[in-house]
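A.B. asks: Generate a structure from the sequence data that follows.
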Amino acid sequence: MARVAREMVINAGVNVDQVVELLVKNAAAELTTYYYYTILRANLIGIDGETVKEIAEIARVEDRNHFEAIVPRIYELGGKLPDNMKEFHDISACPPASLPTDPTDINAILHVLVEAERCAVRGYTGICNLTAGKDHRTYDLSLAILNEEIEHESWFSEFLGEGPSGHFMRRGDTSPFVSKFLR
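C.D. replies: Sure, this is the predicted structure:
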């Protein structure tokens with residue numbers, strides 16, 4: 001644990017235990033989403049599915065990166081991950097991004113993907129609101145993840161015809177906002 005880091009956050013008026021709890025729940029959401037997106041991506045087949053597959057893969061890899069970036073901050077603040085994977089899964093901040101009943105329904109898969117991203121956007125916005133101006137490292141990390149989650153939501157939303165977002169798919173660069181936390 002980074003004792004002084006935790007002390008500074010407490011002295012800034014942040015409820016560190018609440019922040020750690022949210023970080024753990026969001027870490028669970030990231031890791032479980034990575035798992036579920038693997039299944040969703042495998043079922044994106046046919047002409048329609050292939051058009052979504054690459055974007056789903058970018059979001060999947062970036063969710064794994066988000067997990068990897070969050071874990072050190074949890075421990076820096078004196079927290080830890082649960083010892084049991086099932087327990088970890090079940091405390092996820094977001095519901096499972098499970099494969100729809102009809103795995104050939106690409107539109108249904110897109111709805112699962114966009115709702116998972118919307119849950120993540122809500123979660124990281126909440127952490128940013130709690131830590132803004134007080135816990136600079138957690139805020140910076142959460143904001144970086146939030147930027148990527150907003151892009152993911154935008155990509156899937158456009159496939160659903162919800163309107164243009166102004167976001168473009170990235171080529172060859174995963175986690176442009178979060179990569180500095182992965183070094």
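
A.B. asks: from memory Asn65 sits against Ser175, does it?
C.D. replies: Yes - under the criterion of Cβ atoms under 8 Å, Asn65 makes contact with Ser175 at 4.3 Å. To be clear about C-beta, it is placed using only N, CA and C from the backbone, and glycine gets the same treatment.

A.B. asks: Could you pull out the residues contacting both of those two?
C.D. replies: Leu182 (Cβ atoms under 8 Å, 6 or more residues apart in numbering).

A.B. asks: residue furthest from the geometric center of this structure?
C.D. replies: Distance from the C-alpha centroid of the chain, by Cα atoms, centre = their mean, peaks at Asn11 (28.1 Å).

A.B. asks: measure that one to Arg73 for me?
C.D. replies: Taking Cβ to Cβ, to the nearest Å as the measure, Asn11 falls 18 Å from Arg73.

A.B. asks: what does Thr32 give?
C.D. replies: Between Thr32 and Arg73 the computed distance is 19 Å (Cβ to Cβ).

A.B. asks: quick one: the helices in this protein?
C.D. replies: Residue ranges of the helices in the chain, as given by DSSP state H, are 3-11, 16-42, 46-76, 85-90, 106-131, 136-159.

A.B. asks: what's near enough to touch Val112?
C.D. replies: When contacts are counted by Cβ under 8 Å, 6+ apart, Val112 touches 40, 97-100.

A.B. asks: And for Leu99?
C.D. replies: For Leu99, the contacting residues are 36, 39-40, 43, 109, 112, by Cβ under 8 Å, 6+ apart.

A.B. asks: 7 Å - rerun?
C.D. replies: Leu99 makes contact with 39-40, 43, according to Cβ atoms under 7 Å, 6 or more residues apart in numbering.
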